[in-house]
Each structure stands twice: as structure tokens, then as C-alpha cells.
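*Asks:* Got a predicted structure here, sequence first:
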Amino acid sequence: MFNCSKSNSEIYAIHSSKIRMNTYRNIWKITYPIILGMMAQNIVYMVDTAFLGRVSEVAQAAAPIAGMYYIAVFMLGMGFSTGAQIIIARRKGEGDLSNIGRVFDHSFYFLVVFALFIFGLLKFGSPIILNGPISSPEVYRGIIEYLDVRSFGIFFAFVNVAFRSFYIGIGNTKVLIWSTAAMAIVNIVLDYALIFGNWGFPQMGIAGAAFASVVSEAVVTLYFIIHLNLKRKDTNSSLLTEFQLLKPHTPDKEQFKIIFKVGVPVMIQNFMSLGGWFLFYLLIEQMGVRSLATSNIIRGIYLILMIPGIGLFSATHTLVSNTMGAGKPEEVLALVKKIVIMGFSMTILFVPITFIFPEAMISIFTNNEELISMTVPTLYVVATALVIMPISMITFGAVAGTGRTNMALIIELITLSIYLICTYLLAIQFEREIHEVWYCELIYLIVIGSLSYGYLKWGNWRESKL
């Protein structure tokens, strides 16, 4: 569809001769910066939860719900950028480097405009949307207090995911380590200063956590802009000039059509996925503040333990799409098998630790002995889920990586429907204990993994064109 210049073809030939995408070494090379970045992000979440747990039980309950609501909306932009990432990786695999900048620019400008709409939804629509589902007036007020501040960060967040899609798409993931490290340091320092009012700063409580997040997102944006303009020793040019990024391109309908074809299903799928988790927590909230606090603690631990699997899930989009672009669809299943083996080998290490030291892990988030005791059985359920999680999520990520993002959306829709029906029955209809409600996580992983494997085994993805 596109022509690349001779120089870009030569660069790609040299690059391809040195790196084979299907080796364990290269999978790890692309993945480990993503994992380290996610570790930093989850450390921030853990610190937020731990700090707010020292403020009040209401703050500890409200902030994660508000955060999930924000992230569910944010994932619309994240999904679109994931679509751009898949296309950028495909162009890289094809050796068509000259068009990577055009893909990035079209996705970037769309995300900036889209951020305006999402800001309005967060700032002015949230009180209307959340007023009914939240039964506790105190939790509702805390959520709105958080979102009033956090909504301003959506502009920086959407710019950041555009940059992230570019870096992961071209396989230059090391930059994510430093950007996320900067975000984590700024966020944690401002959390300590603003939540409790230390170092002469005002005591803002839950709003302080939101303000810290906004500032840290702005720092990441600044970092990406500086990095794009730095000259590299090997080429004596910056990424900005090499890939012709952020140029005043004339809007290309065909380019938008391709990005929307891949990106919109991922947007919807990501929104549904996080939205499903948000609805899960709304159902848990109906069980009482203590059950909600337990689930919030479990979520914090689970997100940390999931890091290797989710990092490989993100890298799978690039690795599979790059392999497809190189004209080697026959290598995809072998590649996915290697990624699954790597993910399982890393995640399984956390299972015995979780069973042996559950109280120690939970005490990071709360010093309430009764709450710690109540949370232990649910943590055992999550430890069991870790055995399945990398297999299911990496296989699911491979479906989108082939370019068949519409099929990934269908798989997500079927899985979430089963997940939420089971949650409703256990939490509301049968009024089971909180750890029994969390069995739904096992159901989710089994269903999404089975459907994804079935499609990769027998589906028609091998002829996917972007």
C-alpha cells in the first residue's frame, strides 16, 4: 500500500539481520522496560492506597472507585493508541518506516481533540453518572472530589499514550523506564506532601492524591517531548526528524480509516474491560464498605502480581504485528507459545509467596487487623488466578496483534457478559462472601483464554491486512 525510501529499506535490512523477533532474548528486550514501567505505576497505586488508608476508610474506598472510573474512560484513548501501536509495528515489520510518522501524527491529533470530549465527561458528567450507583453519600463525595481535580490530567494522559504507542510500536521501549520512573517519583513525593499536608503544603486528602497524579502526568509529557528532540549518536538525528513526527500533514482519510478500523474496536474493548471491572466494584459496593475496602486491597496486590503477564500482553501486540508485517504468519503461534512460557515462568513465582505471607502483603495497604484477616481468603483466590492469567491474557493479546481487533472485541464482550452475570448472582442474588465473589476472576480468565486460543487455532487471521 505504501512505498518506503531506499534508505529506510536499508536501515530495516540491517536491523532485521541483527534481531529476530521470535527469540526469547528479543521478547525480553522489548518487554522488560514495559514491565519496569508498570512496576513503577503500580508502586504509585500502592502508595496512594496505603496513604489514603491512613486518612480514612471512606477515602480508601472512594479513591480506587474514582481511579477505576477515570481509567475506564482513559482506556478509550489507550485503546485507540494501541491500534496505532499495532499499525506502527506492522509498518516496522514491512520495512515501511517512512509512514510510521504519518500513523503517529494522525493518532496524536485525534487523541488531543478527543481529550476535550473526555474532559467534559469527567468534569461535568461524572456527578450525574455516579450519583445513582453509589449508595454511600460519603464515598460519592470523595469520588467527585477526586475527579474534579483528576479530570485535568486527561490532556497529558492522552498525549502520553500516543507517545507510548510510537515507542512500543518501533520496539524502543527503554524510554518507558525513565518516563515512568520520573512519574513515580513526582507522584509519590507530591502524595506525601499533599495528602497529609507535609512540608508546608496544604492538607488536601483525596484531592491531593488526584493533584499529584495530574502533575506527574504532565512531567511524563515533558519528558517525551525532550526525548524526541535529543540527537542520537548512531544517526546524529533525533527521532522527531528521523520519523518525521508532529508535522503539519494534510489529513489523510485513508490513513484515518486504517487507524480507526484497528483502533476503534480496541477502544471499545478496553473501555468494556475496565468498565466491567468498574461495574464489578459497584456490585461489591452494594455489599458494604468493608467488602469494598477488602476488594480495593486485593486489586492493589493483584495489579502488582500481574505486572509480568500484562507487560508481555502489551508487548505481544507489537511482536505479533511485526511478525505479520514481515510476511511470516506461520511463525505467530510459535511466537505466542514462547511469550506464554515466559509469562507463566515469571508469574508462577509469586504464587507460593502469596500463600506463605498473605498477612504481610495485605498489611502494606492497611494496619486494620480485622480487615487483614477478612482479606486473606480473597488473596488466595487471586493467587490461584495468577496460574491462569499470563496464559489467557497473552493469548488474547495475540488476537489483537494479528490485526483482528474486531474479533478481540467480540471475545471481550462474551467474556464480560458471563463475568458480570456471575458477579451479580454471587454478590447480590445469593449474597455470598467476598472471597467467593472473586471466583468470577477465574471464570473470566478461563473464558477469555479459551475463546482466544480457539480463534488463533482455527480462525482466519493469517490473511489479515492493514
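*Replies:* Sure thing, it's come through.
*Asks:* what kind of secondary structure is Thr173 in?
*Replies:* Secondary structure, DSSP: H, G, I helix; E, B strand; the rest coil: Thr173 is coil.
*Asks:* Quickly note the distance from it to Gly101.
*Replies:* Distance from Thr173 to Gly101, counting by C-beta to C-beta, to the nearest Å: 19 Å. To be clear about C-beta, it is placed using only N, CA and C from the backbone, and glycine gets the same treatment.
*Asks:* What of Glu242?
*Replies:* Distance of Glu242 to Gly101, given as C-beta to C-beta: 9 Å.
*Asks:* These two: which has the busier surroundings?
*Replies:* For Glu242 versus Gly101, neighbours defined as other C-beta atoms under 10 Å are more numerous around Gly101 (22 against 16).
*Asks:* So the more buried one is in contact with Pro248, correct?
*Replies:* No - between Gly101 and Pro248 there is no contact under C-beta atoms under 8 Å: 11.9 Å.
*Asks:* hey, what's in contact with both of those two?
*Replies:* Shared contacts of Gly101 and Pro248, defined by C-beta atoms under 8 Å, 6 or more residues apart in numbering, are absent.
*Asks:* which is the next helix or strand following the least confident helix or strand in the chain by mean pLDDT?
*Replies:* Sorting the helices and strands of the chain by mean pLDDT, DSSP states H and E puts helix 6-18 at the bottom, at a mean of 38. Tracing the chain past helix 6-18, the next element assigned as helix or strand by DSSP states H and E is helix 24-53.
*Asks:* Any buried residues in that following helix, and which?
*Replies:* Across helix 24-53, burial judged by 16 or more other C-beta atoms under 10 Å covers 26-27, 30-42, 44-53.
*Asks:* quick one, longest helix in this structure?
*Replies:* helix 57-94 (DSSP state H).
*Asks:* State the mean pLDDT of whatever helix or strand comes next after that helix.
*Replies:* Sequence-wise, the next helix or strand downstream of helix 57-94 (DSSP H and E) is helix 100-120. Computed over helix 100-120, the mean pLDDT rounds to 92.
*Asks:* Start the count at 69 instead of 1 going forward.
*Replies:* Got it, the first residue is 69 from now on, which makes the last one we talked about helix 168-188.
*Asks:* got the buried residues for the helix or strand that helix 168-188 is followed by?
*Replies:* Proceeding N to C from helix 168-188, the next assigned helix or strand is helix 194-199, under DSSP H and E. Along helix 194-199, these residues count as buried under the neighbour rule (16+ other C-beta under 10 Å): Ser194, Leu198.
*Asks:* Just the pLDDT for Ile133.
*Replies:* 78.
*Asks:* That one and Tyr349 touch, don't they?
*Replies:* Yes - if you go by C-beta under 8 Å, Ile133 and Tyr349 touch, sitting 5.8 Å apart.
*Asks:* could you pull out the helices for the stretch 419-534 of the chain?
*Replies:* Counting by DSSP state H, counting those that start in this stretch, the stretch 419-534 of the chain has these helices, from start to end: 426-430, 437-469, 473-492, 502-505, 508-526.
*Asks:* Now do Gln312 against Glu162, distance only.
*Replies:* For Gln312, the distance to Glu162 equals 17 Å [C-beta to C-beta].
*Asks:* what do you get for Leu189?
*Replies:* To Glu162, Leu189 is 37 Å away according to C-beta to C-beta.
*Asks:* My read is that Met270 contacts Leu262, right?
*Replies:* Check again: residue 270 is Pro, not Met. Yes - using C-beta under 8 Å, Pro270 is in contact with Leu262, at 7.1 Å.
*Asks:* joint contacts of these two?
*Replies:* Common contacts of Pro270 and Leu262 (C-beta under 8 Å, 6+ apart): Gly276.
*Asks:* Pick out whichever of those two has more residues nearby.
*Replies:* Leu262 (23 against 11).
*Asks:* Excluding chain neighbours, what is closest to the more buried one?
*Replies:* In space, and not counting its chain neighbours, Leu262 is closest to Gly276: 3.0 Å by C-beta to C-beta, 6 or more residues apart in numbering.
*Asks:* I'm done for today, thanks for sticking with me.
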